[in-house]
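> Need the 3D shape of this:
(chains A, B, C and D)
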2 protein chains.
Amino acid sequence: MTKQGRPRKATILDVAKAVGVHASTVSRALNPQTQHMVAEAVAERITAASRRLGYTADVFASGLRTRRSNTVGVLIPDIMNPVFPPILRGIEDALATAGCTAIIANAEGEPQRHGTILDRLLGRRVDGLILATAQRRDQVVDRCLAEGVPVVLINRMVAGKRPVSAVVNDDEGGIKLAVDHLVALGHRHIAHIAGPQALSTGHARRSGFLAALKGADPALIIEASAYSETAGDAAMAKLLAGKVPFTAVVAANDLLALGCYDALARAGLQCPRDVSVTGFNDMPFVDRFSPPLTTVRIQHYEMGRRAGDVLMEHLRRRDTATVTIRLEPSLVVRGSTQPPLPAGAGRGRGPSR
Amino acid sequence: MTKQGRPRKATILDVAKAVGVHASTVSRALNPQTQHMVAEAVAERITAASRRLGYTADVFASGLRTRRSNTVGVLIPDIMNPVFPPILRGIEDALATAGCTAIIANAEGEPQRHGTILDRLLGRRVDGLILATAQRRDQVVDRCLAEGVPVVLINRMVAGKRPVSAVVNDDEGGIKLAVDHLVALGHRHIAHIAGPQALSTGHARRSGFLAALKGADPALIIEASAYSETAGDAAMAKLLAGKVPFTAVVAANDLLALGCYDALARAGLQCPRDVSVTGFNDMPFVDRFSPPLTTVRIQHYEMGRRAGDVLMEHLRRRDTATVTIRLEPSLVVRGSTQPPLPAGAGRGRGPSR
DNA sequence: CCTTGCCATGCAAACGTTTGCATAAATCTA
DNA sequence: TAGATTTATGCAAACGTTTGCATGGCAAGG
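As a prediction, this is how the structure comes out:
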C-alpha cells in the first residue's frame, strides 16, 4: 500500500501487468496503426484492462519518443476581433476529430513579436501551425518553411516562391459584390478605405475595388494603417477632409466600417443618408449596429474547419501537395446602404454640393 | 556529417559537449532555481553556448521528468461571447510572465461534454485549470478537487464545502447599480430576466435584484434558460405576454438584453421609449448597438489577469491558501434607458394602459 | 518429418531531461 | 597540518513510451 495521497496515474506497465503481457504489446494493441499486429483476443483484454484502470498514454513520454505532440499552434492577429471566434471553432472541430489540440496565441500589434511567439510555440513542439497573421512577405512563414514545419495560412496569403497551403476568401470577388451593390443603388462616387497593403487581404480587396469600379478616383482610395476602428475613423476623417466628393465608401473590413461610423458622426453626417458604408467579414453582431452594416459575408466557420482539415492532412502525410482553397463570399444588405441623395438635396457629401 | 535535411535541434548534451562539462551541470546552470549551484564563470559559458546553439529544453523530456507541463487549461462556456476575449487576454498576460501557456477549450452547450473536455485537458497533463464554466454544483470542480489539480474559478463560483479560489464580480452590487439607476429615472415597475439559477451569476444577480428592489413583483422575474440572445428573446416574450405591466427590464447579462431588443421589436415596442433595458458585462461593441446598451461594466481584463496570477501562485506553492477576489463593477449609462412614459402617454407597456 | 515462413509476442534500447547521491577539490577550524 | 565542512561537478538512474530486432511456436509445403 502506497502512502501518497495523490493516486498515481496508471501507466502502460500497470496495464501490461494486469493482462499478463509485455508493455510493448499493450502499446501496439492501443495504437490503431499497429493494432493489427496483436491477436484479437489479447487486444480485447488489453483495451478492457486499460479502460478499467483508466489508462491514458502519457503525452510527455510518447511525445518524447515519437516527436509528435498532437498539438498545433494557431496565430491570430487580434482575438478581440469577433471574426475569429467562429473561425477558431471551425479549427478546433477539425482538430478534435483528429485527436489534436490547438494552442491559440494572439499576436497583437507589432509584427516583431511574432517571432518570439513562434519561438514559444515551436518550443512547445507543435506539430504544425495555422497562421492568420501572415503578411504578404512574412518572416514567420519563411522560418516555418525553412525548418520544415507544416503550415496552413488562413484568411491571408503570402507572396513567395515556395508554395504554402492556404484557405482564403475570394477577396476581389467579395469587394465586387459590394461595389456592384452600390452602383446598382445609383452611387457614382465611391470611396475605398483599403486595408494595410502589406496584407494580402488589403491588397486584394483594393485590386478588387479598382477592377470593379472602372475609373475610380485615386483620391478616393485611402490606406488604413491597420484593421481597427481607430484606423477606420482616421481614414474616413481624411477622406472627409479631402476635396473630392463621394456618396459611398467601401471599407476593407467591418472594423474599418465601424470607424467610418464614428468619423461620420463626428462630422455631423448620417449613415446611410449622407454616406453609404459597406464592410467585409460580417462578423457577429454587425447586424445589430446602428445602422446595421451592409457587408460581405465570409464563411468563418468553414474557413477554420477547412484549414484544420488541410493541416491534419499535411501532418498525416508530409508529402501532401499544398493547396489553396478559396471560399466564396456573399453580400448581406442591411441598413448602412441606400441610394444617394438626389442632386442638390442636402447636406451630403455628394458631388452636388 | 549528417545526411538528414532537417537540422536536429540542439540538445543539452550538445551544449555540455561544447562547454566541456556534464549535462547535469548545464541543466543546473540554465534553471534559475538551481543556478546558484554552479560556478559563475561556468554558468556564463554555458548560457553563452546554449544561446549560440539555439538550445531550448525539450518540453517532453523535462515534462516527463518533472511532471510539470507549464501549461494550464482554460474552460470557456462560449468563445463566441465577446466578454471572453478580453478575459483571455488577461489570463494569457498573467501566464506569460510565468512562462506558462494556456490551452483554451470552449465547452459549448451540454454540461456533460465538460467531463470529456476535462479528460482531454488532464490528458495533456495541464498543471492547473481556470474555469469560467462552473455550475453552482459542478462535477468538473469536484473532480479537480478530488484529483488535487489546482483550480481557479472565474466569473462564477461554486457552492461547496471545500474552498476554491475564485475571481468574480460583485454581482449583487452590480445589479443594484442598474436597479438604482432605473428607479432614479422614475421607473416603478421593473422586471428582471434572470440568468440560469444553476449558475452563481444568475443566482446572485437575482438576489441582488430582489435586495435592491423591495417588493418586486414575482411575476416580473423570469429565468432565462441560458445566457443567450434567443433565451433572452423568449424570456422577454413571456414577460410581454404576461398581464403585469412594467416599464423597464434588468437583464442578467448583455446577450439576454439583446434578446430583449428582438422581442420588443417583434412586439412593435421601442426601446427605450416603451421599455428601458439594462444589461450586464459591458461586452465589446454593446455601445454601438441600437440603442446603445446601458449596462453594468465589469473588469474583464483584470478578471483574467487576477485569475492567472492566483493560479500561478497556487502552482508555485501548492499549500497557498485559497482566495476569492471580488471585483467592483460600475454602471455605464447609454441609450437603452430613459424615464418611463408619463401615465397615459401612449403605447407603452406602462401600468397606465 | 524437416524445412521454410509467418505470426504474435518479448526484449531492450532509445528519446532528452532532472536530481539524489557520490566525489573531488577547496576552504575552514582547531 | 589533519580533520571537518563546504562547494562545484560528475554519475547514473529514473520518467513512460515506442519500435527495430530477436525469438519461439505453429502452419504449410515439399
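
> and the helix or strand of chain A with the lowest mean pLDDT, anywhere near chain B?
For chain A, counting by mean pLDDT, DSSP states H and E, helix A:112-123 ranks last in confidence among helices and strands (a mean of 90). Yes. Judged by C-beta under 8 Å from any C-beta of the partner chain, helix A:112-123 comes into contact with chain B through A:119-120, A:123. For the C-beta atoms, the positions are set from N, CA and C on the backbone; glycine is no exception.

> so who does A:Thr278 touch?
Residues near A:Thr278 by C-beta atoms under 8 Å, 6 or more residues apart in numbering or on different chains: A:178, A:181-182, A:248-251, A:257, A:293-296, A:336-337.

> all helices for chain A, in order.
Listed in chain order, the helices of chain A (DSSP state H) span A:12-19, A:23-30, A:40-53, A:59-66, A:84-97, A:112-123, A:139-147, A:171-185, A:200-212, A:229-241, A:254-266, A:300-316.

> Next, format the ones you listed as TSV and append mean neighbour count.
Output for those, formatted as TSV (neighbours: other C-beta atoms under 10 Å in any protein chain shown):
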stretch	mean neighbour count
helix A:12-19	18
helix A:23-30	19
helix A:40-53	15
helix A:59-66	17
helix A:84-97	22
helix A:112-123	16
helix A:139-147	17
helix A:171-185	21
helix A:200-212	21
helix A:229-241	20
helix A:254-266	23
helix A:300-316	21
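
> Below-threshold pLDDT in the stretch 201-350 of chain A: ranges please.
Applying pLDDT under 70 to the stretch 201-350 of chain A flags residues A:343-350.

> What's the nearest residue in it when you look at DNA strand C?
A:Arg318 (18.5 Å; C-beta to the nearest atom of the strand).

> ok, the closest residue to that residue other than its chain neighbours - how many residues close by?
Computed as C-beta to C-beta, 6 or more residues apart in numbering or on different chains, the closest residue to A:Arg318 that is not its neighbour in sequence is A:Pro150, at 7.3 Å. With neighbours defined by other C-beta atoms under 10 Å in any protein chain shown, the count for A:Pro150 comes to 23.

> What residues does chain A have near DNA strand C?
Proximity of chain A to DNA strand C (C-beta under 7 Å from any atom of the strand) is limited to residues A:20-25, A:28, A:36-39, A:42-43, A:61, A:64-65.

> rerun at 10 Å
Residues of chain A lying close to DNA strand C by C-beta under 10 Å from any atom of the strand are A:16, A:19-29, A:34-43, A:45-46, A:60-67, A:125.

> now the strands for the stretch 251-353 of chain A?
Under the criterion DSSP state E, counting those that start in this stretch, the stretch 251-353 of chain A contains strands at A:276-281, A:294-297, A:324-327, A:330-332.

> could you measure the residue nearest to A:His300 when sequence neighbours are not counted against B:Asn81, distance?
In space, and not counting its chain neighbours, A:His300 is closest to A:Pro86: 3.6 Å by C-beta to C-beta, 6+ apart. Distance, A:Pro86 to B:Asn81, using C-beta to C-beta, to the nearest Å: 12 Å.

> same deal with A:Glu302?
For A:Glu302, the distance to B:Asn81 (C-beta to C-beta) stands at 21 Å.

> A:Ile76 now?
Remark: distance between A:Ile76 and B:Asn81 (C-beta to C-beta) = 17 Å.

> what's the closest of the contacts of A:Thr278 to A:Arg162?
Within those, the smallest distance to A:Arg162 is 30.0 Å, found for A:Val296 (C-beta to C-beta).

> I figured the closest one hits A:Val179, correct?
No. Between A:Val296 and A:Val179 there is no contact under C-beta atoms under 8 Å: 10.3 Å.

> Could you pull up the contacting residues of the residue nearest to A:His300?
A:Pro86 makes contact with A:284, A:300-301, A:304, B:80, according to C-beta under 8 Å, 6+ apart.

> again, only this time at 7 Å
A:300-301, B:80 (C-beta atoms under 7 Å, 6 or more residues apart in numbering or on different chains).

> The closest residue to A:Leu293 other than its chain neighbours: neighbour count?
For A:Leu293, ignoring the flanking residues on the chain, the nearest one in space by C-beta to C-beta, 6+ apart is A:Val286 at 4.2 Å. Using other C-beta under 10 Å, A:Val286 is surrounded by 24 other residues.

> Go through the strands of the stretch 251-353 of chain A and name the closest to DNA strand D.
So among the strands of the stretch 251-353 of chain A, strand A:324-327 is nearest, using C-beta to the nearest atom of the strand, at 30.8 Å.

> Give me the packing partners of the closest one, helices and strands only.
Here strand A:324-327 touches strand A:165-169, helix A:300-316, going by 3 or more C-beta pairs under 7 Å, 6 or more residues apart in numbering or on different chains; DSSP states H and E.

> got the angle between the shortest one and helix A:200-212?
Here strand A:165-169 runs at 50 degrees with respect to helix A:200-212, directions being taken by axes from the mean of the first three to the mean of the last three C-alpha atoms, to 10 degrees.

> What strands line up against strand A:165-169, and which way round?
Taking DSSP bridges as the criterion, strand A:165-169 forms sheet pairs with strand A:151-154 (parallel), strand A:324-327 (parallel).

> Tell me how far it lies from the chain's centre.
Relative to its chain's centre, strand A:165-169 lies at 9 Å (C-alpha atoms, centre = their mean, to the nearest Å).

> close enough to count as contact, A:Ser228 and A:Leu255?
Yes. At 5.5 Å, A:Ser228 counts as touching A:Leu255 under the criterion of C-beta atoms under 7 Å.

> Right, and chain B sits closest to which residue of chain A?
A:Ser290 (3.5 Å; C-beta to the nearest C-beta).

> Run through the residues that contact that residue.
Taking C-beta under 7 Å, 6+ apart, we find A:Ser290 in contact with B:288-290.

> repeat that for 6 Å
Shown in contact with A:Ser290 (C-beta atoms under 6 Å, 6 or more residues apart in numbering or on different chains): B:Ser290.

> Same question for A:Glu328.
Counting by C-beta under 6 Å, 6+ apart, A:Glu328 makes contact with A:Asp170.

> A:Gly173 versus that one, what's the distance?
Per C-beta to C-beta, A:Glu328 is found 7 Å from A:Gly173.

> Tell me the residues of chain A that contact chain B?
Residues of chain A lying near chain B by C-beta under 6 Å from any C-beta of the partner chain: A:6, A:56, A:59-61, A:63-64, A:79-80, A:85, A:104, A:123-125, A:148, A:285, A:288-290.

> and DNA strand D, which of these contact it?
Contacts with DNA strand D within those, as defined by C-beta under 10 Å from any atom of the strand: A:56, A:59-61, A:63-64.

> Can you give me every residue that contacts the spatially closest residue to A:Asn169 that is not a sequence neighbour?
Using C-beta to C-beta, 6+ apart and skipping residues adjacent in sequence, the residue nearest A:Asn169 is A:Ile298, 4.9 Å away. Taking C-beta under 6 Å, 6+ apart, we find A:Ile298 in contact with A:169, A:281, A:329.
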